[in-house]
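Student: no sequence on this one, just coordinates:
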């Protein structure tokens, strides 16, 4: 099967099934990188202007008025991931994780989040090399996005947390080293961009819809065969 070409806008429901269950590989339309570069330029230009932007060079929530020292902005994004990676319960299955990775990648490719291409490329490597983050299934409230499950995904991008490999859990850093991949060091806004989204709930909804569609087809076939076998 040819790689699925992603541009942030043309993903179809059936493509989610192909990537999640058939492990179809993905590739990025080269033109999509231009929008990524433009959005990142906007973020960096604002930082240089010293304009105050929530979550980029300020704290979060109660600390929204607390401006962050430029030397601590990267640590701020990392701390944001740590503070939200608090999920519990049974981990999502590998097909569910692949669907989540695909939808998060597709959303970031739209070029509105201000992430660097390095994050896009590492997400592609995760999908294509079978590096699947261990994401607990409980913890999201769905208010400003699936913050908790996406934080567990982001943990793996920075080389922390755990990933699945051949149905076993491994520390992410070990598996990345085996596959000769370097973890990402988050920069301004990138932690925020990675966890603000509804991709886990959308992925689950998409897979449920796709499975139901297949069940309906099977039910039709079973009914037709039953009628024929009984000479109904």
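Tutor: Okay, I see it. Owing to the predicted nature of the structure, the values given are computational and were not obtained by experimental measurement.
Student: Select the longest helix from this structure.
Tutor: For the chain, the helix that runs over the most residues, judged by DSSP state H, is helix 199-229.
Student: same for that helix, what does it pack against?
Tutor: helix 13-21, helix 94-108, helix 147-157 (3 or more CB pairs under 8 Å, 6 or more residues apart in numbering; DSSP states H and E). All C-beta spots, glycine's among them, are computed from the backbone N, C-alpha and C.
Student: could those helices go into JSON lines alongside mean neighbour count and distance to residue 189?
Tutor: Converted to JSON lines, those look like this (neighbours: other CB atoms under 10 Å; distance: least, CB to CB, whole Å):
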{"stretch": "helix 13-21", "mean neighbour count": "18", "distance to residue 189": "27"}
{"stretch": "helix 94-108", "mean neighbour count": "23", "distance to residue 189": "12"}
{"stretch": "helix 147-157", "mean neighbour count": "26", "distance to residue 189": "13"}
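Student: Let's have those helices in TSV, adding distance to residue 66 and mean pLDDT.
Tutor: Listed next are these as TSV, based on distance: least, CB to CB, whole Å; pLDDT from 0 to 100:
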stretch	distance to residue 66	mean pLDDT
helix 13-21	40	97
helix 94-108	27	97
helix 147-157	20	97
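Student: okay, those helices in JSON lines with distance to residue 167 next?
Tutor: Formatted as JSON lines, the helices and strands packed on helix 199-229 follow (distance: least, CB to CB, whole Å):
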{"stretch": "helix 13-21", "distance to residue 167": "16"}
{"stretch": "helix 94-108", "distance to residue 167": "8"}
{"stretch": "helix 147-157", "distance to residue 167": "17"}
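Student: can you tell which of the ones you listed is closest to residue 30?
Tutor: helix 94-108 (15.4 Å; CB to CB).
Student: Leaving out sequence neighbours, find the closest residue to residue 165.
Tutor: Counting by CB to CB, 6 or more residues apart in numbering, residue 175 is the residue found nearest to residue 165 once chain neighbours are left out, at 5.6 Å.
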